[in-house]
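S.K.: sequence plus the predicted model coming up.
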Amino acid sequence: MIPTVVNERSVRSFRFYRDGYLCEGIRYGNTLYRLVKTFGKHEEDSAYSCCGQLLQYSSADHPAAIITTSPQQYRLWAELRVELPSDAAVALQYA
């Protein structure tokens, strides 16, 4: 599955509490996503690789992950309804 990539200015951002932490989220279309990881502009390959890992958990209706871009960074977002298995979360932490 090919990652969905959108300009950061075309999404609506918000903050929310999850498991006692203040998290960053976005709305893209009718789907809510949470921030998973931020990559520098020179880390494009890593951003796409990590997004590919998360897309394994996609449904037919919604991608499990998207990437937003800005002049400074790439940001990886996971759909709020998708619970990542612990091995995927650990792999992303060290990507």
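M.R.: Looks like it arrived, so ask away. Treat the numbers as computed from the prediction; the structure is a model and nothing was measured.

S.K.: tell me, how many residues neighbour residue 40?
M.R.: 11 (other Cβ atoms under 10 Å). C-beta: built from backbone N, CA, C; applies to glycine.

S.K.: residue contacts, the residue nearest to it when sequence neighbours are not counted?
M.R.: Of all residues not flanking residue 40 in the chain, residue 73 sits nearest, at 6.0 Å (Cβ to Cβ, 6 or more residues apart in numbering). Contact criterion Cβ atoms under 8 Å, 6 or more residues apart in numbering gives 38-41 as the residues in contact with residue 73.

S.K.: center of this protein - which residue?
M.R.: The chain has residue 77 as the residue nearest its centroid, 1.2 Å off, counting by Cα atoms, centre = their mean.

S.K.: mind listing the helices for the protein?
M.R.: Using DSSP state H, the helices of the chain run over 44-54, 86-93.

S.K.: the first one - contacts with which helices or strands?
M.R.: Packed against helix 44-54, as judged by 3 or more Cβ pairs under 8 Å, 6 or more residues apart in numbering; DSSP states H and E, are the following elements: strand 31-40, strand 65-69, strand 73-79, helix 86-93.

S.K.: switch to 10 Å and redo it
M.R.: Applying 3 or more Cβ pairs under 10 Å, 6 or more residues apart in numbering; DSSP states H and E, one finds that helix 44-54 makes contact with strand 4-7, strand 31-40, strand 65-69, strand 73-79, helix 86-93.
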